[in-house]
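K.L.:
fold the following.
(2 chains)
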There are 2 protein chains.
Amino acid sequence: MTGTPVLFITRRWPLALACVLWLCVAGTPAQSDPLPSWNDGAAKQAISGFVARVTAQGGADFVPPPERIAVFDNDGTLWTEQPYYFQLAFAFDRIKVMAPQHPEWKTKKPFKSLLDRDMKGLAAGGEKALLQIVAATHSGMTTDEFAQTVRDWIATARHPRFNRPYTELVYQPMLELLAYLRGNGFKTFIVSGGGIEFMRPWTEKVYGIPPEQVVGSSGVTKFELGADGKPVLMKQPKVEFIDDGPGKPSGINRFIGRRPIFAFGNSDGDLQMLQWTAAGNGARFMGIVHHTDAEREYAYDRQSHVGKLDKALDEGTARGWTIVDMKRDWKAIYPAATN
Amino acid sequence: MTGTPVLFITRRWPLALACVLWLCVAGTPAQSDPLPSWNDGAAKQAISGFVARVTAQGGADFVPPPERIAVFDNDGTLWTEQPYYFQLAFAFDRIKVMAPQHPEWKTKKPFKSLLDRDMKGLAAGGEKALLQIVAATHSGMTTDEFAQTVRDWIATARHPRFNRPYTELVYQPMLELLAYLRGNGFKTFIVSGGGIEFMRPWTEKVYGIPPEQVVGSSGVTKFELGADGKPVLMKQPKVEFIDDGPGKPSGINRFIGRRPIFAFGNSDGDLQMLQWTAAGNGARFMGIVHHTDAEREYAYDRQSHVGKLDKALDEGTARGWTIVDMKRDWKAIYPAATN
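P.N.:
Residues are numbered from 1 along each chain as shown, chains lettered A, B, ... in the order given. Sure thing, here's the model as predicted:
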């Protein structure tokens, strides 16, 4: 730091003035609705009421900012997950790109099924087939190389039904909710069954959630010295951690180390995360997105292969958690198209 | 938000005024040395120079705040690790407390050795013996219960040589460095071989590092519904992840998801973390605490069983990393005693 204190003050005056002006201006937008894409109703009221209670200094439910931890499932909670998880769409596209380097895939299931567009044959392989496809597309490269393939795919791939980039199929009401919580001193985290390294390259830009606040499933990485002597982390074809179902509270405990006071999910895979959040002391908020809008998005719950919502719907209803009825509660589903 | 904009402005004026006053006052302390416990010399200059370069807006080495990730080893880097890791002292004390509930330990090694104060017998058991002791004291309870035993121990246990609570045996120069980095927009993380759940109960108070910025070794936790129907996370006697040596870059990748630009360690267990940090693009800072002060703390390096510093000392010297000579570079070792 150079200069005398006097000079320093002088140089800082424009900033001080800007600060005062900002405080004047800030009064106006604060009056407006921070959740404009939410229709008035029980869900919206439950959210605003909760935030008001935990931020009211001196109130019985006040929670200090460092403990305002909010966790969100990703697939089906922050963005669409139909007709199948977008990470699977990424893996399928990667198989097609990688196929010329793998002539053996022409005759080897499940790769053959996928390349032949034989989705029934692929489905017959069950979870094992999907894990093989994920392993083949998510390992054998450095973490930096993988992040680049994700960025490239996200920039070009489009959803089969909506013909929009996948990152535009995020829920506008949830984007508003994330910003609203952060504006009220919350730290927002993703806690997803999806791959942590599949999400991190774009969550900061799309959700405002930085990499270090993304919790997810992961594969083992191995530290190696590359040919040029530079260290790399090689992605191994070995699952390290599945952040789903009962794994979600473990993932929260491991990555965050504090119990959330606010949790949002949409499927039975989120039930334990919601239970874990509910079991803490003091005010808590538990929310479930119920997909009820076949016209604007999708309608599914108890029978769905993707994002099955059955036990969590019963328990959430019985315990008075906030069940968002997408059709009724959301004025808009997606952000306005940018192109 | 209630009230008209005019009222709002009126109510905010005291804050605005406070803000202006703060900007005036802030000029003065900014002139003072943010690292008063560091003697003038190459190490201190390297730190200040690096921070100045990466924070200089428009400069060639400028790094945007979200990417200002700084990682610190804990044992031997932020606090003392002699005569043995403090977490081991905790485990030893727990064995004594738990012994009445485990009569079989009277005849069973390594517990017998420990209860008989037969440290040679304990050492003869090697790493396996220590893992057994850690497993016995770090599992079979809920995460909440474990955190409470750590808090109780930290509040009462004292170091055998210095007769001070262990959390007072943190390095004053490093506390200043952590605060200095945070004051310059860095996010500070611990990346330690120690147990993540042993550190989190006290790192926020002692280092200003919140639980979600603590990376460490961990055991498996299992989600269970307790007798009262309340969910708990039970600590299992199974290692999940060892955050040491080549595990440190993997831990950084998994928990933080960004490559640090600043890393500090003190032993060969930090070498890969330092290499990983060094291998990124742009300005980087790699630092090593060299324990050279037998009088005020301890002096050890290549031959030590705890915190061995051999390969990293050679590589750090060869590559021009900042090697802190504790005796020469640090004006004070510990914070002034509070009692």
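
K.L.:
okay, CA-based contacts and neighbour counts for the rest of this
P.N.:
Will do.

K.L.:
and the closest residue in space to A:Ala299 that isn't next to it in sequence, how far is that from A:Glu315?
P.N.:
In space, and not counting its chain neighbours, A:Ala299 is closest to A:Thr292: 4.3 Å by CA to CA, 6 or more residues apart in numbering or on different chains. Plainly put, A:Thr292 is 18 Å away from A:Glu315 if you go by CA to CA, to the nearest Å.

K.L.:
do I have it right that A:Leu274 meets A:Ser267?
P.N.:
No: between A:Leu274 and A:Ser267 there is no contact under CA atoms under 8 Å: 10.4 Å.

K.L.:
so these two - more neighbours on which side?
P.N.:
A:Leu274 (30 against 27; other CA atoms under 10 Å in any protein chain shown).

K.L.:
now do the contacts for that one.
P.N.:
A:263-265, A:286-287 (CA atoms under 8 Å, 6 or more residues apart in numbering or on different chains).

K.L.:
so which of those residues sit within strands?
P.N.:
A:263-265, A:286-287 (DSSP state E).

K.L.:
by neighbours, which of the residues you listed wins?
P.N.:
Top of these by neighbour count (other CA under 10 Å): A:Gly265, with 29 neighbours.

K.L.:
okay, and the beta partners of that residue?
P.N.:
A:Ile288 (DSSP bridges).

K.L.:
could you measure from it over to B:Tyr298?
P.N.:
51 Å.

K.L.:
now for A:Gly245, how many residues are close by?
P.N.:
The burial count for A:Gly245: 19, using other CA under 10 Å.

K.L.:
distance of it relative to chain B?
P.N.:
In this view, A:Gly245 and chain B are 9 Å apart by CA to the nearest CA, to the nearest Å.

K.L.:
over to A:Leu131?
P.N.:
Taking CA to the nearest CA, one finds A:Leu131 at 20 Å from chain B.

K.L.:
try A:Asn253
P.N.:
8 Å.

K.L.:
now A:Ala147
P.N.:
For A:Ala147, the distance to chain B - CA to the nearest CA - is 10 Å.

K.L.:
ok, now A:Ser192?
P.N.:
14 Å.

K.L.:
one more: A:Ile47?
P.N.:
15 Å.

K.L.:
residues touching that residue, list them.
P.N.:
Neighbours of A:Ile47 in contact, by CA under 8 Å, 6+ apart: A:Phe285.

K.L.:
can you tell me the SS state at it?
P.N.:
helix (DSSP: H, G, I helix; E, B strand; the rest coil).

K.L.:
returning to what we had before: who has more neighbours, A:Thr292 and A:Glu315?
P.N.:
Per other CA under 10 Å, whichever of A:Thr292 and A:Glu315 has more neighbours is A:Thr292, with 17 against 14.

K.L.:
ok, for A:Val324, nearest residue in space, not its chain neighbours?
P.N.:
Per CA to CA, 6+ apart, closest to A:Val324 is A:Val289, 4.8 Å.

K.L.:
wait, the one you found sits on A:Met326?
P.N.:
Yes: proximity of A:Val289 to A:Met326 meets the contact threshold set by CA under 8 Å, at 6.8 Å.

K.L.:
how close does the residue nearest to the spatial centre of chain A get to A:Val215?
P.N.:
Centrality entry for chain A: nearest residue to the mean C-alpha point is A:Asn74, 3.1 Å, by CA atoms, centre = their mean. Here the criterion is CA to CA. By it, A:Asn74 lies 10 Å from A:Val215.

K.L.:
list residues touching both of the two?
P.N.:
A:190-192.

K.L.:
take the residues you listed and keep only those in strands.
P.N.:
Reading strands off the shared contacts of A:Asn74 and A:Val215 with DSSP E, I get A:190-192.

K.L.:
turn those into TSV, including neighbour count.
P.N.:
Listed next are those as TSV, based on neighbours: other CA atoms under 10 Å in any protein chain shown:
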residue	neighbour count
A:Ile190	27
A:Val191	30
A:Ser192	28
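
K.L.:
which one of the residues you listed is nearest to A:Val134?
P.N.:
When those are compared for distance to A:Val134 (CA to CA), A:Ser192 wins out at 16.2 Å.

K.L.:
that closest one against A:Asp73, yeah?
P.N.:
Yes: judged on CA under 8 Å, A:Ser192 makes contact with A:Asp73 at a distance of 4.9 Å.

K.L.:
which residues does A:Gly41 contact?
P.N.:
So A:Gly41 contacts A:Asp329 (CA under 8 Å, 6+ apart).

K.L.:
next one: phi and psi at it?
P.N.:
The phi and psi values for A:Gly41, taken as degrees, to the nearest 10, are phi 170, psi -170.

K.L.:
which residue ranges form the strands in the stretch 101-250 of chain A?
P.N.:
A:187-195, A:214-225, A:231-241 (DSSP state E, counting those that start in this stretch).

K.L.:
so which residues on the stretch 201-339 of chain A come close to chain B?
P.N.:
For the stretch 201-339 of chain A, the residues in contact with chain B (CA under 8 Å from any CA of the partner chain) are A:211-213, A:215, A:218, A:221-223, A:230-233, A:246-247, A:249-250, A:254-258, A:275-276, A:279.

K.L.:
taking these, please make a PyMOL selection of just the buried ones.
P.N.:
Selection of buried members from these for PyMOL, criterion 16 or more other CA atoms under 10 Å in any protein chain shown:
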select buried, chain A and resi 211+212+213+215+218+221+222+223+231+232+233+246+247+249+250+254+255+256+257+258+275+276+279
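
K.L.:
returning to what we had before: adding pLDDT, write the ones in strands among the contacts of A:Leu274 out as JSON lines.
P.N.:
Formatted as JSON lines, the ones in strands among the contacts of A:Leu274 follow (pLDDT from 0 to 100):
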{"residue": "A:Ala263", "pLDDT": "98"}
{"residue": "A:Phe264", "pLDDT": "98"}
{"residue": "A:Gly265", "pLDDT": "98"}
{"residue": "A:Met286", "pLDDT": "98"}
{"residue": "A:Gly287", "pLDDT": "98"}
